[in-house]
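Novice: this one's sequence-less:
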């Protein structure tokens with residue numbers, strides 16, 4: 001369905017948002033190493049927003065021109081994204 005890299009990022013949730021028709025993706029960094037997350041979907045992402053664990057909006061996440069996402073993840077960090085296609 002989609003690609004999450006590198007291997008030290010562990011997917012914990014992929015679901016429909018509680019409040020709208022967007023998709024929520026949650027993962028964490030499992031090896032204590034900063035890395036660059038790369039997410040690719042079959043359909044280009046139109047917009048992305050980092051959210052809290054309870055899906056409260058926090059900040060916009062830049063989407064690459066090809067509709068994929070690429071950003072830094074801190075050691076042990078939990079990342080929750082709300083995505084629109």
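Specialist: Good, I have the coordinates. As the structure is a computational prediction, the values presented were derived from the model and not from experiment. Residues are numbered from 1 along each chain as shown.
Novice: can you list contacts of the helix or strand bottoming out on mean pLDDT in the chain?
Specialist: Least confident helix or strand, the chain: strand 57-61 with a mean of 85, by mean pLDDT, DSSP states H and E. Strand 57-61 is touched from outside by 47-52, 69, 71, 81-82, with contacts defined as CB atoms under 8 Å, 6 or more residues apart in numbering. To be clear about C-beta, it is placed using only N, CA and C from the backbone, and glycine gets the same treatment.
Novice: swap in 7 Å and give it another go.
Specialist: 48-52, 69, 71, 81 (CB atoms under 7 Å, 6 or more residues apart in numbering).
Novice: what pairs with it, parallel or antiparallel?
Specialist: strand 47-51 (antiparallel) (DSSP bridges).
Novice: buried residues, the partner strand. List them.
Specialist: Neighbour counts over strand 47-51 (16 or more other CB atoms under 10 Å) mark 48-49, 51 as buried.
Novice: what about residue 41, how many neighbours?
Specialist: 16 (other CB atoms under 10 Å).
Novice: contacting residues for it?
Specialist: So residue 41 contacts residue 2 (CB under 7 Å, 6+ apart).
Novice: read off the pLDDT value for it.
Specialist: As predicted, residue 41 sits at a pLDDT of 95.
Novice: next one: phi and psi at residue 76?
Specialist: Per-residue torsions, residue 76: phi 70, psi 10 (degrees, to the nearest 10).
Novice: so residue 83 makes contact with residue 22?
Specialist: Yes. Under the criterion of CB atoms under 7 Å, residue 83 is in contact with residue 22, at a separation of 5.9 Å.
Novice: what is the neighbour count of residue 15?
Specialist: 10.
Novice: can you give me the pLDDT of it?
Specialist: 95.
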